[in-house]
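sequence first, predicted coordinates after that:
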Amino acid sequence: MTWQPAFEAAAEAAVHRLGPAHLRVLADRLGDGSPEQGALHAVPVPGFTEAARAVLAARRATGVTSMEAAAYLRGLAAGHAQRSGAVGIEAVWSGPSTHPVPVRATAQVLVELVAEAQAELLLMTYSARPYPPLLSALTAAVARGVSVTVVVETLAGARGALNGAEPAAAFADLPGVRLWHWPVERRAEAHARMHAKIAVADRRVLLLSSANLTQSGVNRNIEAGLLVRGGTAPQRAAEHIAELQSRGVLVPLPTSEQGR
């Protein structure tokens with residue numbers, strides 16, 4: 001049959017959000033005739049149910065049979081898995097540049113990563129201060145329907161190592177951005193800190209850096225990182241964050257704490 005654009009669009013959005021492995025699980029549920037509720041909850045990770053529901057709704061609306069949908073999803077997953085199997089790794093630096101050794105700048109790479117996200121964007125940072133290019137890119141991402149999650153340290157968690165406003169305040173004026181943190185009472189060690197600095201776009205691109213989301217971090221300091229495209233690292237990073245959320249290690253930041 002002729003494939004319907006609405007179904008293709010829903011399937012493409014699902015593979016970007018879920019990754020090939022989880023899309024294949026959905027395909028298997030459709031192919032074996034599982035009840036819809038079983039298909040919707042086949043993989044207990046954040047975002048799976050919403051993406052699966054969109055695919056199932058598009059299938060019904062366009063008249064694509066379950067077997068046809070399963071075959072299409074398996075082919076789509078295989079194609080994306082093949083492309084993601086080619087891993088690209090690039091060094092990223094903040095601070096002064098050198099002409100003999102060209103490197104990508106952290107500020108540029110970070111904004112580009114946010115700009116290319118189509119379904120899901122995850123950020124983690126220890127310190128944060130408003131950085132206008134990043135805030136503009138995040139605002140645009142939310143406007144095009146990207147699910148944006150930012151995990152930040154808190155002043156209480158930093159135990160005096162951070163000063164000024166809460167790191168979350170850098171994002172408090174961005175509607176649609178979900179802020180999370182690691183509560184002090186859930187840390188096994190008294191001086192444990194949320195010190196990760198990463199960005200993940202659509203579980204396909206991972207920026208791992210020593211740079212905080214501040215003007216100093218992405219521009220002025222000498223900071224180093226790696227940009228990883230493809231492979232399993234971006235997806236595993238996103239899945240690890242999702243698992244920490246589902247287990248209650250990371251929890252949503254109360255609104256009252258965001259701009260304090």
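Cool, the structure landed. Keep in mind that what you see is a predicted model, and the values were worked out from it rather than measured.

V25 should be in a strand, yeah?
No - counting by DSSP: H, G, I helix; E, B strand; the rest coil, V25 is located in no strand; its state is helix.

and it, what does it touch?
Contact analysis of V25 by CB atoms under 8 Å, 6 or more residues apart in numbering lists 42-43. No exception for glycine: its C-beta is placed from N, CA and C like everyone else's.

L40 versus that one, what's the distance?
12 Å (CB to CB, to the nearest Å).

helix, strand, or coil at the residue nearest to E8 when sequence neighbours are not counted?
Nearest residue to E8 in three dimensions, chain neighbours excluded: Y72, at 8.0 Å (CB to CB, 6 or more residues apart in numbering). Look at Y72: counting by three-state DSSP, its state is helix.

for R24, give its distance to L250.
27 Å.

for R236, see how far away the residue nearest to E8 is.
Taking CB to CB, one finds Y72 at 26 Å from R236.

now do the same for A11: helix, strand or coil?
Per three-state DSSP, A11 ends up helix.

what about it, how many residues nearby?
26 (other CB atoms under 10 Å).

what pLDDT does the residue nearest to E8 get?
In this model, Y72 is scored at 92, pLDDT.

wait, isn't it in contact with A14?
No - in this structure, Y72 is not within contact of A14 by CB atoms under 8 Å, at 11.1 Å.

which of the two has more neighbours?
Legend: neighbour count by other CB under 10 Å for Y72 and A14, higher for A14 (26 against 19).

isn't there a helix covering the more buried one?
Yes - the assignment for A14 is a helix, going by three-state DSSP.

would you map the helices across the stretch 51-200 of the chain?
Using DSSP state H, counting those that start in this stretch, the helices of the stretch 51-200 of the chain run over residues 66-84, 106-116, 132-143, 155-158.

A165 is nearest to which of the ones you listed?
helix 155-158 (8.4 Å; CB to CB).
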